[in-house]
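Enquirer: Dropping the sequence and predicted coords here.
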Amino acid sequence: MGAGGRTGCAAQRIYCPLILLLLLFTPRVDSSWWYIGALGARVICDNIPGLVNKQRQLCQRHPDLMQSIGEGANEWIRECQHQFRHHRWNCSTLERDHTVFGRVMLRSSREAAFVYAISSAGVVYAITRACSLGELKICSCDTHKRGRASDEMGDFDWGGCSDNINYGIKFAKAFVDARERMVKDARALMNLHNNRCGRMAVKRFMKLQCKCHGVSGSCALRTCWLAMSDFRRTGDYLRKKYNTAVEVTMNQDGTGFMAADRNFKGTTKNDLVYVESSPDYCLMDRTAGSLGTAGRVCNKSSRGMDGCEVMCCGRGYDTTRVKRVSKCECKFKWCCAVECRDCEDTVDVHTCKPHKRPDWLDLT
């Protein structure tokens, strides 16, 4: 073999492992099934960006379920934004962006943990609700709830339309987890764990609803069924889990996690987990996906996350006086209306100052 051939082989031995390392450690910004929510009634399986083969197959087999998932996506994104409305990172989405949240989801942070959990929960909730409403051909109410049972109030008969939560969980697991099961790394394990936490959070708040039968409305006989609670309860629960999320590291055989803190004695089974610490989200950082807090409204009198000191990261805030119109002096008028006056008042609105450029940058 000539010198040129040997040099080529040597170069391959150097560059091939280097390229492999780059592929392993360079984060990717993928489209996500989350974008289904932006498509509305235009859900066509072949046109949904970011679906892996299994997800596309499920979509083609069950297009009506995709419509429900799309509606559910809008719902869980609104819930995410409600839960973080007073925080530096406020679950902001990027319009017409197939990644929905942008580069902020590349980091294996608490925020990513929450988004994966709430999105998985949203799919369970949307599909289960659609089953009970008779909107889907493949499922209906939970037919296993039959016969007699009892609770602290006594015996009752199963009846009505129990929400088919088990079908919702089964389909959500197959659809949402499909992408993560194609990869064997810490982020995929983290996503799978948090997806499961989201699914179980919906089931946790199933409640018994009953109808009484008897003379003069007495509860001599009861017919009961299981129903999901309002999605806000799931959002509140996962928000608390975000606060107590556990930092983890992958174990040596790559099959699971262990807590990064060696003094941690509990189990992470029902906790959200994350691998990387979060950025502070104070300043705009395109590589981290942070939009910064410049211009965000803050609460001057609060010492919490929505307070101007915390929200503005110590940069200070601007105050603007604005006029607001609200309904006042409302009176009930027989019959049957409420009449109000439009009252105008002036309030102070505080917004975070932008980051000040260092003086040396202005020197020429």
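Expert: Noted; the coordinates are in hand.
Enquirer: CA only for contacts and neighbour counts going forward, please
Expert: Fine.
Enquirer: Report all helices and strands that the helix or strand containing residue 77 contacts.
Expert: Assessed by DSSP states H and E, residue 77 sits inside helix 63-83. When contacts are defined as 3 or more CA pairs under 8 Å, 6 or more residues apart in numbering; DSSP states H and E, helix 63-83 sits against helix 36-39, helix 110-132, helix 231-243.
Enquirer: What average pLDDT does the first one get?
Expert: Averaged over helix 36-39, pLDDT sits at 79.
Enquirer: quick one on the thing from earlier: out of the helices and strands packed on helix 63-83, the one nearest residue 305 is which?
Expert: helix 231-243 (12.6 Å; CA to CA).
Enquirer: Work out the gap between that closest one and the centre of the chain.
Expert: 10 Å (CA atoms, centre = their mean, to the nearest Å).
Enquirer: Could you pull out the buried residues of that helix?
Expert: 231, 234, 235, 237, 238, 239, 241, 242 (16 or more other CA atoms under 10 Å).
Enquirer: hang on, the earlier thing: residues contacting the helix holding residue 77, please?
Expert: Contact with helix 63-83 is made by 34-41, 43-45, 59, 90-92, 115, 118-119, 121-123, 125-127, 130, 135-136, 232, 235-236, 239, as judged by CA atoms under 8 Å, 6 or more residues apart in numbering.
Enquirer: go with 7 Å
Expert: The contact list for helix 63-83 (CA atoms under 7 Å, 6 or more residues apart in numbering) reads 34, 36-37, 40, 43, 59, 90-91, 118-119, 122-123, 126-127, 130, 136, 235, 239.
Enquirer: List only those of the residues you listed flagged as buried.
Expert: The buried subset of the contacts of helix 63-83 - by 16+ other CA under 10 Å - is 34, 36-37, 43, 59, 90-91, 118-119, 122-123, 126-127, 130, 136, 235, 239.
Enquirer: wait, isn't residue 324 in contact with residue 344?
Expert: Yes - look at residue 324 against residue 344 with CA atoms under 7 Å: they come within range, at 5.6 Å.
Enquirer: got any residues that touch both of the two?
Expert: Counting by CA under 7 Å, 6+ apart, nothing touches both residue 324 and residue 344.
Enquirer: And what about the spatially closest residue to residue 187 that is not a sequence neighbour, helix, strand or coil?
Expert: Once flanking residues are discounted, residue 187 sits nearest to residue 108: 6.5 Å by CA to CA, 6 or more residues apart in numbering. Residue 108 carries the three-state label coil when classified by DSSP: H, G, I helix; E, B strand; the rest coil.
Enquirer: Next one: residue 226 from residue 291, what distance?
Expert: 42 Å (CA to CA, to the nearest Å).
Enquirer: Give me the more crowded residue out of those two.
Expert: residue 226 (21 against 17; other CA atoms under 10 Å).
Enquirer: low-scoring pLDDT stretches of the stretch 201-350 of the chain, where are they?
Expert: Scanning the stretch 201-350 of the chain for pLDDT under 70 picks out the ranges 217.
Enquirer: for it, what spans make up the strands?
Expert: 207-213, 221-227, 246-250, 257-259, 273-274, 284-285, 290-291, 297-298, 317-333, 337-352 (DSSP state E, counting those that start in this stretch).
Enquirer: Give me the contact list for the first one.
Expert: Taking contacts as CA under 7 Å, 6+ apart, the residues outside strand 207-213 that touch it are 218, 219, 220, 221, 222, 223, 224, 225, 226, 227, 228, 229.
Enquirer: Buried subset of the residues you listed, written for PyMOL?
Expert: Of the contacts of strand 207-213, the buried ones go into a single PyMOL selection, burial set by 16+ other CA under 10 Å:
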select buried, resi 221+222+223+224+225+226+227+228+229
